[in-house]
Structures are given as structure tokens and as C-alpha cells.
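Chemist: Next comes the sequence, and after it the predicted model I'd like to discuss.
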Amino acid sequence: MHFIVCLKPVPKPGAVKVDPETHTLRRESAELILNPPDLYALEMAVALKEKHGGKVTALMMGPPNAADLLREAYALGADEMVLLSDRAFAGSDTLATSYVLSQAIRKLEPYDLVLMGKASIDGETAQVGPETAAWLKQPSLTQVKALWPEDGLWVAVRFFEGFEEEVEFRGPAVITVEPEVNEPRPPSLKRMLAVRALEPRVLSAEDLDCNLEKTGLAGSPTQVLGVFTPSYDREREVLTGEAEEVVEKLVSLLRTRGLI
Amino acid sequence: MLDYFFSEEERLLIDLVNRIGRDYIAPHVREWDENEAYDLRPIKALAQADLFGLVIPEEYGGLGWGTMALCLAVEHLSKYCPGVATTYAASFLGAYPILLFGSKAQKEKYLPEVAAGRKLCAFALTEPQAGSDAAAIRTRAEHDGEHYVLNGIKQWITNGGIADIYIVIALTDPKKGARGASAFIVEKGDPGFVVGRKEKKMGLRASVTTELFFTHCRIPKDRLLGREGLGFIVAMKTLDYARVGVGAQAVGLAQGAMELALKHARTRIQFGQPIYNFQAVSHTFAEMAMRIEAARALVYQTARHLDSGAKEISGPSAMAKAFATDVAMWVAERAVQMMGGYGYMRDYGAEKFMRDAKCLQIYEGTNEIQRNVIARELLKHYRD
Amino acid sequence: MGGFWIYGQWQEGRFHPVVYELLSVARRLKPALKEKIVVVVLGPEDRREEARELLRYGAEEVLFFVHPDLGYFRDDLYSEVLSEAVAERKPAVFLFGATAEGQALAPRVAGALGLGLTAHCTAFEVDEEGRLLQIRPSFGENIMARIVSKTRPQMATVKPGVFSKAEPVDEPEGVLEEVKLAAVPGSALRRRVVRTLPRKESPLSRARVVVAGGRGLLRRENFDQLFELAELLGGAVGATRPVCHLGWISEDHMIGVSGETVSPKLYIGFGISGALQHTVGIEGAEVVVAVNSDPEAPLMKRADIAVVGDATRILPLLIRRIRELKG
């Protein structure tokens, strides 16, 4: 079986800079990490591979320096590394991103499933999975908790608010994996050693036969007009002093207001 | 502070172990200690990271690295939880006899399972009446056709019950005393082999220690390691290799305790300033740092000495073990003192290091016995 | 043509509360946008009366697509029916609740039609050109972003619990338009079982008191003390996203953009700097107390009571003091 796991490079929390011109993230300025929710998708794919055989392809759209994150994915159990890197991809919103991913996924045929994390910790949209499925005209299942093959079909358990459903479907399909549904493994030392001699395959917009009107800023229908800092006009009490002292003040304030 | 000129591979290993420590161990340390609970999760993580294969040759699925690598792994694990490090290191204590003395068939059968972390090992020498005086063991192994039959009790066996492979030292010829001992591989599930109750310990509470009972335990003849009469050679050689690992555990423990106390001393404000500003405090840390670095240098150099294939290893291993574990106990006690009330409360981690450190001075040969070994080796070395 | 569309999500045979919240958004924007408020509902015909109920809450039209196969949510099937409806009727705006279903469905429609989509909006404005400005917290920094879409309909998902629910109107004027579909596309999905999940033990969204912690608590052990305080105050424990990712607590307790929205009488944040990702979730709190050693932290700036001090020390002291008071 062939599992494709889409991984996103995200700035390490606390290290984000926003471009004052375009109001998009300046990724080059921050240290990049693998988007933590994606690790659950990778673990699910690697566990499926171990149980049922096959291979896992780690697929990432990002700057050239994101290659090391693909090596990390290799150490975590991926077998192939594919980096989609091109200036033409810069500034892509979720629609343009999912278009590029779908073009790459087509190049990686045949495959059984595409897996992604539920959302990224920077954009937090949770949109790229279903949008990619729409480009591919394939089924999508979000917030999946468990997944297994059964009589030529796949069975997934997925979360909704207050209930979960067990659903069967025929692949290929795009799955987004709910965080915390498995325990992502640590990197394997043997794989860390082996990957030093490997290079990810790098594919450009041209390699993917991308229509450049659909990538990058040109292909992104959403546009950030501006950013602002919300203001709060509240009466404020500031308590300072020794810890014991401020606790006493706080408790009496809360008591006068009938809050405790 | 010192640069030990690690290779690129050693650096990778150190980073990996620290990642496991941060992600899979640190969040649960207090819970394991409070509940005296063994948790499979960090062991599974170590297995997935290939760390049970560090010293196992590549042909058996390991990495084929040496004692130095194992020491680095044990040291860095111990910064987070010396108890988890005990489970990990004790498995190597049980694997070394197979590695050093096993036949090709025995290696092929057991080592790939060990390297993959699918099976843990244990080493069983100590008995109720035979601690430091190991030659006083009474467990018997008698011939019975194509089998040996074991009878006896082993005590304080790390990984008892959680291990699948046990190296058991038993007497095949009691008349010959120590020369009449042999080493056997006993598997979990062998008839007549029962694991006793789990001991309640002062420290290292994330690890498991039990008694082992052998009652007409029948094992096939091919479970003998080496040949009959080699039991104590197997045991002593294994301990020579493993003791430097206890030294590494001590270095990591001391480092963890110092870092914890240092964080406290730099942020704890008394008399209007961080207590680190007071010389009684900062000098204590200077002393900790000196001793830890000396212990680390001795442990690393001993490990490299072992890896060089040197013959004379008993003395250096004993020195590394005794010196580093004494340092660990001293540092952990000082760390508690530097943290004052916070040091003594169970919520803050310092007293746990102190409880853990105590065992390191006792197990795998008390530090008194280590000094006997060093003194004996000294005479050999300066014969004329 | 045109219209302010709202996705009418079902939940156990009724409408999800977020549908009423979206109706209040639509009604508030009506004077500026002047678009007809339409709730789009999919289902079998026996749901007609429930669908008609939405008219009482200010829907000017309920567009009810009827087919026996629309009995439960299936991503591919629902998105195809909606995409076709959008392509044909060309609404100006289409909003979805940012529920599990809404988040699964809206991007499929956007992807199929090549439309822009903004996730988790917390506010809307209309500019002089009549464009819908979609506002959401941005990139974990302390900023909000105003986003517009170049495509029509302008699509967004809206965080449940942020907006109040629409009040009933005195005289409903809308109509139910029932569209009987002769055939619907096949679905690749087949539901086998549905299991109701046990209610979470800490219903954060309804808690009267929320005590929350951030990275400033330094260690999981310190964070765990929040449970003691929550128990003393009869409240629930909340957390920031980094703390959840550190593994100190499960994501059920996360407050903010991708977590819960809370509206307690009292919120106390320990060691929380106050990134918007978190604070959008506490907009509804009546009294906000922040405990932080940095008086300049954003949460301290917006708190009603800002306690300057080490959260790891104040927390146990506060627990002890309240315990004394309670005897």
C-alpha cells in the first residue's frame, strides 16, 4: 500500500514574523518545525505500513531549507521524501496550497490514502485536507481517530461534536487525523543515520504542470487587507507586592465582588 | 563546559536521547515515582528509537556501537529519570553475557529480539545469603538427560517479571565453590520459574525489582552459556562492562540534580536578590560542577578504554562506578539543601534524585566492594 | 441570484445552535449588505416542519433540498449538492458554523468551485464597496486580520459560541422553498455505526468559573494544581495551546481559536501571556484576572484585575488561602 502524508513546515511557536507589505507570514525569518498535529497523521500512516506493508511518502510544500524537516519525517518512518518548492508557491492561501498539493499527489499515483494533520498551528484553518480532496475529486474524512482496511474497503472512526461515526469507504481518499489519537514515535537512530546520505526529491511548479494562475498570491482568492490590535477599555486594578500580600488583596477583591 | 570531541554519531545519539527524555519521560516522572509504577511507554519509545540495539552487532540487528555510546544514552536518560535508565541499563546487563559468551546459535536466537527492544533482559546473581559475597550462592543446576534442572531463589533482580530473558548464575558443581558455577539462559514461561513479589524501594521507583523462584525448573542443555564452571567469569566480566554504565547513570543523575537546583538558585529571591548571589550557594554549585566534570571525564575515558579492547578493565570500571556514584549522592544531597524547603518537598524533584542516588552506591557491587576491587587491581598493577 | 446564505446544520434532528448564531450575524449585517437571508437545509422531506421553524428566527427564506439519501451528513454528497446550488443560484455570502461538520463541508465546496474561504471568523464588517470583511485572529501573534475574498460567494466559517443567538421575530415573513431533487450523486461513504460520546467531564463552555494556565506555570506539576483550585471554586480548568502541545493536559481543555469558547463570571489566567489565539476564547468572561510576572503581557493589559507576581508561587498560596476561608 502507498500512503502519502502531507506535512507542513510551521514557524516554531513564538518566532513568527508578519510581512508588513503582504500581511502574510515571513517563513524565512523563523526556525521551522514539523507542524505538531501532522505527527499524528504520520504515525497513523507508518503504523498502517508496518501492519499491512507498503510505503509512506512524506510530501511537503515549503522553502528549500524545509528539506531537513522531511529528513526528520524519514527518521520517523517515512520512506520517500518529496519537497514542493518554487517561488510561484509563495503567498498561497489554503485554496492555492491545496491545488499545488493535489497536482503533486497526482504525480505520486498510484496511492491508497492521503493523510494530513487536522490543522496547522499557524494558520489553524483545517481547510487544506477537504480542499485537496475536492481538487482530486475524492472522498475526504476529517478528524479521523482510527483507520483500518477491511475486505477491500477502508473503515474509519471519526469525531463530530458529541458523537463519533464508524464509516466505510473505498479509497483513494484524503483523511485528516485528529490530534492525540496515537502516540507518535521518536525518531529511529538507524533512520537518522541512513537519511544523512539521502536527498528529498524537489519538484517545481513546472514539474507539477501547475497552472500559475492557481498558485501563490495569484491563485489565492482570500486577501489580508490589514491587521490590527484589538483594544480593551476596561477599568483595571493592578496588584503588586509580595506574593502573600497580593494573594490577600486578590481574595478580598474577589469576595467583595461576590465571585468566590 | 568541557568539550569531549563527540563524533557526529554521538551527537545525534545525545540529541535523540534528550528528545525522548523531554517528550516521553519528563511529563510522567513524578507520577511513576509517587505510584511506584513501571510504565511501558518510555521503554517502547527507546525501542522505537533503536536504542536497545546500541551495543548489539549489526549482524544481529543492532548498531554495533560500543560502551561509550551506551554510557551517553544512560547518562542523558538519567537526567530525566534514573529509574527508567535503570530498566534500560539492566537489560544490557542481561544482554552482555550473551554478547560476550553466547554461542552463534544463542546470539542468533536472542540478540535480534533484544536489539529490536521486543524482549528485555535481566541478570540474576544475588541471593538472600549472597550479596557482596557472591560466591555464597546456593542455586543449583543439575543434569537430567538433555536438560538442566534449576532450584533456588534469586533476590533483588532488576527487571524481574518484565524481562523475557534471564541470565541465571547457578552451581553445577557445589564442591568447587566459585569455580563450580555456571551461567544459564532462562526464559519467561520456563516450567518451574516463577517471579516473586515486587519490592518496595526508596528510589528508582519507575524500575521493577523482584525475587525469582526456581523450583525444578527444567531448561534444555543448550541454555548453558559458555561452558560449565564459567559462571563467575561470565558474571564478573559482565559486571566489568556494566559498572561504567552505572557511573554514567550517576553523572546524568548529578547533572539533572544540579540543573534543577541551579534554576531554583537563580530565580529564588531572598533578602531582595537571587540566592545564587550568596557565596555559600554559588560555591556549592562550583563544587558540584567540578565533581561532576571529574566524574564524567573518568566515566568517558573508562568507556573508551573498554571500547579499545583493553584487557585490564576491572580496576577502571570499579573506579568509575564508585567515584561517579559517590559524586551523585553528594550532589543530590547538596541540591536538596540548596533548594531548602522546596528541595525537601516531593513536588519539586530534588529529593527524588537523592533517593535514586543512594541505590547507585549500593547496586551492581557496593562502593565498598568496588574499593576492594580497586585495591586488589592496584597490587596487580604495581607487582614489583 | 444573490443572498446571504447560511448552512443549516442538523444536530440530532434539530438545528445546531450555531445556525441561530449565524442568523443573528446575518440580521446585524442586513442593513449594510442588503442581501436576503437564506438558510440552506439538506434532508429528507419529513424534516420540513423543523426547517420551517427557522423562519421564526429571521430567515427570509429556507431553501430546503429534499432527497431520501440526504438523511445524514456525507462530505462528498452534501458538498456536491451545495456546490451545484451555489453555482446555479450565485449567493453573495455563504457562512458555515466552524463545527466538525462545517469544517469538513465548507472547504470541499470552496475547493470544488475555486472559492476563497476564511476560517474561524470572530467578527464581520462591511466596507464602502459592500464587501464582507472577515475578521479572525492571525498567526498566533497579538493581531487580528481583516480578510476579503476576491470570489463570490464570500465564504467563511464562524466560531460557535462567539455570537449570541438570534431572537425570535414577531411576525415571520420568510418562505420555505422546497427543492425536490430527482437524483443525488452517489457517495463513497457509508455510515456503519454512530456512537454517542460521553459528555466531557469539564463542560468548559458552561463553567461559571474558569481557571486557566499557560507556559508561565513552567512545569506540569504546577499546572496540575489548577485542578485543586477549580474544585475549590466549583469551576473548570482551561489551558493555552502551547500547554496542550507540551502534553500537560489534553486538548479538550484548550481555550481559543481551535479550542473552547468560555463565558464564565470569573476567569483567572495563570502565567498566560494572552496571545489572541487564546483570548478570543474568553471574550465573554465577565471578570478577567491575570497573574503574571510581566505587567506588560497582553492578558495583564486587558484584565480587570492584574496580579503582578510569579504564577507558580501565587497559585499554591491562593489555593491555601481559599481553603482556609472555606474552613
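Modeler: Done, it's in.

Chemist: Under a three-state scheme, what state does whichever residue of the stretch 101-250 of chain C sits closest to chain B occupy?
Modeler: Proximity of the stretch 101-250 of chain C to chain B (C-beta to the nearest C-beta) peaks at residue C:247, 5.0 Å away. Where you see a C-beta, it was placed from the backbone N, CA and C, and this is true even at glycine. What DSSP: H, G, I helix; E, B strand; the rest coil gives for residue C:247 is coil.

Chemist: if you skip the residues just before and after it, what's nearest to it?
Modeler: Of all residues not flanking residue C:247 in the chain, residue B:27 sits nearest, at 5.0 Å (C-beta to C-beta, 6 or more residues apart in numbering or on different chains).

Chemist: How about residue A:185?
Modeler: Nearest to residue A:185 is residue B:48, by C-beta to C-beta, 6+ apart, at 4.2 Å.

Chemist: How much space separates that neighbour from chain C?
Modeler: Remark: distance between residue B:48 and chain C (C-beta to the nearest C-beta, to the nearest Å) = 17 Å.

Chemist: And residue B:30, by the same measure?
Modeler: Residue B:30 is 6 Å from chain C, by C-beta to the nearest C-beta.

Chemist: what about that residue, helix or strand, and which?
Modeler: Per DSSP states H and E, residue B:30 falls inside helix B:29-35.

Chemist: Summarise which helices and strands that helix is packed against.
Modeler: helix B:82-101, helix B:350-360 (3 or more C-beta pairs under 8 Å, 6 or more residues apart in numbering or on different chains; DSSP states H and E).

Chemist: Let me see the ranges of the helices in chain C.
Modeler: Secondary structure of chain C (DSSP state H): helices at C:17-33, C:48-53, C:75-89, C:100-113, C:220-233, C:241-245, C:276-279, C:298-302, C:311-325.

Chemist: Let me have those helices in a markdown table, adding distance to chain B and mean pLDDT as columns.
Modeler: Formatted as a markdown table, these follow (distance: least, C-beta to the nearest C-beta, whole Å; pLDDT from 0 to 100):
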| stretch | distance to chain B | mean pLDDT |
| --- | --- | --- |
| helix C:17-33 | 35 | 96 |
| helix C:48-53 | 47 | 93 |
| helix C:75-89 | 33 | 97 |
| helix C:100-113 | 28 | 98 |
| helix C:220-233 | 6 | 91 |
| helix C:241-245 | 11 | 87 |
| helix C:276-279 | 21 | 85 |
| helix C:298-302 | 20 | 90 |
| helix C:311-325 | 9 | 91 |
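
Chemist: isn't residue C:163 right next to residue C:24, touching?
Modeler: Yes - applying C-beta atoms under 8 Å, one finds residue C:163 in contact with residue C:24, separated by 5.6 Å.

Chemist: Comparing those two, which shows the higher neighbour count?
Modeler: residue C:163 (20 against 16; other C-beta atoms under 10 Å in any protein chain shown).

Chemist: mind listing what the more buried one touches?
Modeler: Residue C:163 is in contact with C:21, C:22, C:24, C:25, counting by C-beta atoms under 8 Å, 6 or more residues apart in numbering or on different chains.

Chemist: could you redo the last one with a cut-off of 7 Å?
Modeler: Neighbouring residues of residue C:163 by C-beta atoms under 7 Å, 6 or more residues apart in numbering or on different chains: C:21, C:24, C:25.

Chemist: Show me which residues of the helix or strand of chain C with the lowest mean pLDDT are buried.
Modeler: In chain C, no helix or strand scores lower on mean pLDDT, DSSP states H and E than helix C:276-279, which sits at a mean of 85. Buried positions in helix C:276-279, judged by neighbour count with 16 or more other C-beta atoms under 10 Å in any protein chain shown: C:276, C:277, C:278, C:279.

Chemist: Equivalent analysis for stretch A:46-57, please.
Modeler: Here stretch A:46-57 shows A:46, A:47, A:48, A:49, A:56, A:57 as buried, counting by 16+ other C-beta under 10 Å.

Chemist: gap between it and the chain center?
Modeler: Taking C-alpha atoms, centre = their mean, to the nearest Å, one finds stretch A:46-57 lying 20 Å from the centre of the chain it belongs to.

Chemist: any idea how far residue A:100 is from chain C?
Modeler: Taken as C-beta to the nearest C-beta, the span from residue A:100 to chain C is 13 Å.

Chemist: Now do the biggest strand by length in chain A, average pLDDT.
Modeler: Ranked by residue count under DSSP state E, the longest strand found in chain A is strand A:140-150. Per-residue pLDDT over strand A:140-150 has a mean of 97.

Chemist: in the very next helix or strand once past that strand, what counts as buried?
Modeler: Using DSSP H and E, the helix or strand that follows strand A:140-150 towards the C-terminus is strand A:153-160. Within strand A:153-160, the residues that qualify as buried are A:154, A:155, A:156, A:157, A:158, A:159, A:160, counting by 16+ other C-beta under 10 Å.

Chemist: Other residues contacting strand A:153-160?
Modeler: A:141-148, A:164-171, A:175, A:178, C:100-101.

Chemist: ok, residue B:361 touching residue B:367?
Modeler: Yes - Residue B:361 is within contact range of residue B:367, at 4.9 Å (criterion: C-beta atoms under 7 Å).

Chemist: Now for these two: what residues contact both?
Modeler: B:325, B:326.

Chemist: show me where the chain has strands.
Modeler: This is for chain A. Going by DSSP E, chain A shows strands at A:2-7, A:9-11, A:32-34, A:55-61, A:80-84, A:113-117, A:140-150, A:153-160, A:163-169, A:173-177, A:201-203, A:222-228, A:237-239.

Chemist: hm, I was asking about chain B
Modeler: B:121-124, B:140-144, B:147-158, B:165-171, B:181-187, B:193-198, B:209-220, B:224-225, B:269-270, B:273-274.

Chemist: And the first one, what does it pack against?
Modeler: Here strand B:121-124 is seen to pack against helix B:82-101, strand B:147-158, strand B:165-171 when contacts are counted using 3 or more C-beta pairs under 7 Å, 6 or more residues apart in numbering or on different chains; DSSP states H and E.

Chemist: So which of the ones you listed is nearest chain A?
Modeler: Across those, closest to chain A is helix B:82-101 (C-beta to the nearest C-beta), at 13.5 Å.

Chemist: Any residues of the stretch 151-260 of chain A in contact with chain B? List them.
Modeler: Residues of the stretch 151-260 of chain A found near chain B (C-beta under 7 Å from any C-beta of the partner chain) are A:185, A:186, A:187, A:188, A:189, A:190, A:192, A:193.

Chemist: Throw those residues into a markdown table and include pLDDT and distance to residue B:229, thanks.
Modeler: A markdown table is the format used below for those (pLDDT from 0 to 100; distance: C-beta to C-beta, whole Å):
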| residue | pLDDT | distance to residue B:229 |
| --- | --- | --- |
| A:185 | 97 | 44 |
| A:186 | 98 | 43 |
| A:187 | 98 | 45 |
| A:188 | 98 | 41 |
| A:189 | 98 | 38 |
| A:190 | 98 | 39 |
| A:192 | 97 | 44 |
| A:193 | 97 | 41 |
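
Chemist: with the residues you listed in mind, which one is nearest to chain C?
Modeler: The closest of those, once distances to chain C are taken by C-beta to the nearest C-beta, is residue A:186, at 13.7 Å.

Chemist: Please save the CA atoms from stretch C:32-51 in CSV.
Modeler: The C-alpha trace of stretch C:32-51 is given here as CSV (Å, rounded to 0.1, in the frame of the first residue of the first chain):
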residue,chain,number,x,y,z
ALA,C,32,-25.3,47.2,5.2
LEU,C,33,-25.3,44.2,2.9
LYS,C,34,-29.0,44.3,1.9
GLU,C,35,-28.9,40.6,1.0
LYS,C,36,-31.8,38.2,1.5
ILE,C,37,-31.1,35.9,4.5
VAL,C,38,-31.3,32.3,3.3
VAL,C,39,-30.8,29.2,5.4
VAL,C,40,-29.8,26.2,3.2
VAL,C,41,-31.0,22.9,4.6
LEU,C,42,-30.5,19.4,3.2
GLY,C,43,-32.5,16.4,4.3
PRO,C,44,-35.4,14.1,3.7
GLU,C,45,-38.9,15.6,3.4
ASP,C,46,-40.0,14.6,6.9
ARG,C,47,-37.8,17.4,8.3
ARG,C,48,-39.9,20.0,6.6
GLU,C,49,-41.5,21.3,9.8
GLU,C,50,-38.3,21.7,11.7
ALA,C,51,-36.8,23.5,8.7
